[in-house]
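S.K.: Got a predicted structure plus its sequence, pasted below:
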Amino acid sequence: MLRSVVAIAAVTASVMLLGATATPGPVPDDPSDPVRASEYWLDGARIREAWQTTRGDGVTIAVIDTGIGIVPATFGDAVIGGTDVSGTGTPDGRTPLGAIDGNHGSWVASLAAGRGAPDGTGMIGVAPEANLLSISVGFGAAAAVPFTEQVAKGMRWAVDNGADIINLSFTTNTLDWDESWDDAFLYAFEHDVVVVVAAGNRGSGTSIIGAPATIPGVLTVGGVDQTGTASVEASTQGITIGISAPSEGLLGVSADGKLASWSGTSGAAPIVAGIAALIRSAHPDIKAIDVINRIIKTAIPVDGAEKPSDPLYGYGLVDAAAAIDADLPAVDKNPMGDLAEWVRLFRRAEAEPQTEAPITPVEIPPLPDADAPTEPGSPLLPSADSLRYGTLPLVALTVPGILIALGVTAAARRIRSARSLRAPKP
């Protein structure tokens, strides 16, 4: 089980009045509008240039979050389906969950695919013609279902209901994840879905990225400020960060239709998810791994950052127009890692018990009958064994020894006699 409290990646939010409430329609763009002009990422990430090619038509982004509010001016024709996996929301996934963070899902969705006003004013999303799926989850006490189970169920529902991209703007503040997420994320990857994840924020207590940003294959998004510098509070660091996007001074439409100012990689992630939608719309047959590859390979380099990937910036700053227009060959593997291979190496299943072959008894022939016992003889009389192993060897060794000794003695006597005969007499 996950050992830490789930944290939504937003840092701050202050509410302002929404600039427009008209019903959605064709989406023009008025850069002179004060709200639209505040969306500095539209030009900084070259999103307006990308709009010359596409605005995300035909692509569906699933937002697994606190629920997308019912705001006709922003989400009227954008949300095409939804569900609740928390056990406390409404079946359509549109009722905001959480007394504090209930607006979070609406802020995320408006950055990804908010429609904007018909006259080209008011907040607009990165892919304003993309569709949205609202999957409501509850964080902490706002849910009757364990969080890990909610995410796993939400991932599968999103895939089964046509998601091309899944946005996850939360972190668990721990590097590992529940094993149930293995199958859920693999299910998304196997169905060619791009999964975009927020890196987390130091301001929310995340000193380093945590799951799901650590899962191989997801596109983890770090945050930068308006100058393109890594954000101190509204981002974090980690080796799995793939791309950076604005995370400070963001705008978002709340569930009650008001405009809010907020910060965090919770907002950087849907900006990248919207760009992924633009890519998939411009290249309808493109694979998810090629979408990710385009985003990281066309990133704007950051001076002083580590190459090829930096723990603060990943591969660099996201560039929507370049990601769409670049002439890149298709890749055969996900540049952000292979979850299936990771599972194979680190989730080794218990070996199945080996079937033992039946043991066939071996028949051993009976031993021959023992010799019948002999009558015990007198201990003073020699036995056959004592003669064989004692007396006879002793005699064989003693007789030659005696003969040798006698020969030596006789020789010694002859020598002494000879010496006495040769000795001079006085």
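M.R.: All right, it came through fine.
S.K.: Validate this expectation: Asn167 resides in a strand.
M.R.: Yes - under DSSP: H, G, I helix; E, B strand; the rest coil, Asn167 sits within a strand.
S.K.: List the residues that contact it.
M.R.: Under the criterion of CB atoms under 8 Å, 6 or more residues apart in numbering, the neighbours of Asn167 are 61-65, 108, 112, 196, 269-270, 273. Using the backbone N, CA and C atoms, a C-beta is placed for each residue, glycine as well.
S.K.: Nearest spatial neighbour of it, chain-adjacent residues omitted?
M.R.: Ala273 (4.3 Å; CB to CB, 6 or more residues apart in numbering).
S.K.: and the closest residue to Asp178 other than its chain neighbours, what helix or strand is that in?
M.R.: Leaving aside its sequence neighbours, Asp178 sits nearest to Thr148 (CB to CB, 6+ apart; 3.9 Å). Secondary structure assignment for Thr148, by DSSP states H and E: helix 147-160.
S.K.: Quick one: list the elements packing against that helix.
M.R.: Under the contact definition 3 or more CB pairs under 8 Å, 6 or more residues apart in numbering; DSSP states H and E, helix 147-160 sits against strand 60-65, strand 131-136, strand 165-168, helix 180-190.
S.K.: and Ser383, what pLDDT?
M.R.: Predicted confidence (pLDDT) for Ser383: 62.
S.K.: again with Thr95
M.R.: The per-residue pLDDT reported for Thr95 equals 95.
S.K.: Verify the contact between it and Ser136 for me.
M.R.: Yes - with contact defined as CB atoms under 8 Å, Thr95 counts as touching Ser136 (6.7 Å).
S.K.: what is the mean pLDDT for stretch 297-316?
M.R.: 95.
S.K.: Can you tell me what sits against it?
M.R.: With CB under 8 Å, 6+ apart as the test, stretch 297-316 has contacts from 220-222, 224, 228, 230, 235, 237-239, 241-244, 296, 317-319, 322-323, 326, 328.
S.K.: how far is that stretch from where the chain is centred?
M.R.: Its chain's C-alpha centre and that of stretch 297-316 lie 21 Å apart, by CA atoms, centre = their mean, to the nearest Å.
S.K.: Report the buried residues of that stretch.
M.R.: Of all the residues in stretch 297-316, those buried under the rule 16 or more other CB atoms under 10 Å are 297-300, 302, 305, 309-316.
S.K.: Send me it as CSV with only the CA atoms.
M.R.: What follows is the C-alpha trace of stretch 297-316 in CSV, where atoms were taken according to Å, rounded to 0.1, in the frame of the first residue of the first chain:
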residue,chain,number,x,y,z
LYS,A,297,12.8,15.9,-28.8
THR,A,298,11.5,19.4,-29.8
ALA,A,299,11.8,20.9,-26.3
ILE,A,300,13.5,24.3,-26.1
PRO,A,301,16.9,23.8,-24.4
VAL,A,302,17.6,25.5,-21.1
ASP,A,303,21.0,27.1,-20.6
GLY,A,304,23.1,25.3,-18.0
ALA,A,305,20.7,22.3,-17.8
GLU,A,306,22.1,18.8,-17.8
LYS,A,307,22.0,17.0,-21.1
PRO,A,308,20.2,15.1,-22.4
SER,A,309,17.8,15.3,-19.4
ASP,A,310,17.9,17.5,-16.3
PRO,A,311,16.3,16.7,-12.9
LEU,A,312,14.6,20.2,-12.9
TYR,A,313,13.8,20.7,-16.6
GLY,A,314,13.7,17.3,-18.2
TYR,A,315,14.6,17.7,-21.8
GLY,A,316,13.6,21.4,-21.8
